[in-house]
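Engineer: Structure for the following, please:
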Amino acid sequence: MMLNGQGADLSLLIWNSSISILVFSLVCYLATFRQTVLFTLVITLSLLVTIQFSFQPSFDSISIMGFSKLMLLLPLGLGVILGFGLFSESIQKRHLPLFTRYINFAVLANIFAMMFSPSGDTYRGVFSRFTCFTLLIWLVQEMAKVNFQTTHMDSKMFLFRSSPLHWIYCHAAYRMALLSLPTFASIRFILLEPFSLIAMVALYHWHNKRYPLYYYFGFADTIAVTTLTVLARYPVLPPFPSKGPYFPNLQEYQWDMVFLPIQFLVTGFALWAIFQNLSVKRSIPI
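Structural biologist: Alright, predicted model coming up:
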């Protein structure tokens, strides 16, 4: 987490956070009001990343995984959403079922893949797999309520209709614990949950509150994850030497003590929601 023997560098954290806030604010603005500009930037960046990767002198599993992740987030993630929004309404209506199936697969596959994040030999890392599984089942139930017709486009705004606010908050708590694992080496991702939630509210207001607040989470989270991943891969270096001050980092067992109770609560609430959905389903007359 950008640590050395003395702990986390506070000056570097403030610098990176400031850059992340500025870039993320710009991306949110472009995603709402200048989608064509943002789509062009996404495709251009994807091409540059591909060219850079192709001319590497050697390839290893880390570089291949890093490149694959960027491709999934840039052209195959945010790029697909923005590109589909640029089509005419008639084309969107004609191809919405296919687009929806693609989005459903991407969402479920992403959450399923999170179950296999390395645990880092921590208790919270092991238990997070079960938490993730309960969130996945809960989300499938919510998607089934609308017959998996989960997406909608309105004035180039992407809307995802199957992640209620309770699920969003539980997902945020789960992912905070996940991002505390040693696998995630950059403390930059500490901003992921605030960014996702703030962007959801911003998109909701910029779109004149036309739909329920949770409809905007899918787009907001895509923007947040993509932006922070790109900045983690291509950081803007500070114009000053990194000399602290430093604040100490907790040991892994201490992080376990912080996040395990949160994971228990999230898992318990997710199980309650799952059984509630099952009971509602059973109560529907045939």
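
Engineer: Can you list the buried residues in the strand or helix carrying Cys170?
Structural biologist: For Cys170, the host element (DSSP states H and E) is helix 165-179. Applying a neighbour-count criterion of 16 or more other C-beta atoms under 10 Å, one finds 167-168, 170-179 buried in helix 165-179. Where you see a C-beta, it was placed from the backbone N, CA and C, and this is true even at glycine.

Engineer: Nearest to Val23 among the residues you listed?
Structural biologist: Within these, the smallest distance to Val23 is 18.8 Å, found for Leu179 (C-beta to C-beta).

Engineer: nearest spatial neighbour of the closest one, skipping sequence neighbours?
Structural biologist: Phe189 (4.9 Å; C-beta to C-beta, 6 or more residues apart in numbering).

Engineer: Let me have the buried residues of helix 165-179 in CSV, extended by distance to Asp9 and pLDDT.
Structural biologist: Below are the buried residues of helix 165-179 laid out as CSV (distance: C-beta to C-beta, whole Å; pLDDT from 0 to 100):
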residue, distance to Asp9, pLDDT
Trp167, 35, 98
Ile168, 32, 98
Cys170, 32, 98
His171, 30, 98
Ala172, 26, 97
Ala173, 27, 97
Tyr174, 28, 97
Arg175, 24, 96
Met176, 21, 94
Ala177, 23, 94
Leu178, 23, 94
Leu179, 18, 92
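
Engineer: about what we covered before: let's verify the residue nearest to Leu179: helix, strand, or coil?
Structural biologist: Secondary structure state of Phe189, per DSSP: H, G, I helix; E, B strand; the rest coil, is helix.

Engineer: was I right about Tyr102 contacting Val80?
Structural biologist: Yes. The pair Tyr102 / Val80 is scored as a contact, 7.0 Å apart, by C-beta atoms under 8 Å.

Engineer: which one of those two has more residues nearby?
Structural biologist: Between Tyr102 and Val80, Val80 has the larger neighbour count (other C-beta atoms under 10 Å), namely 19 against 16.

Engineer: What does that one show for phi and psi?
Structural biologist: phi -60, psi -40 (degrees, to the nearest 10).
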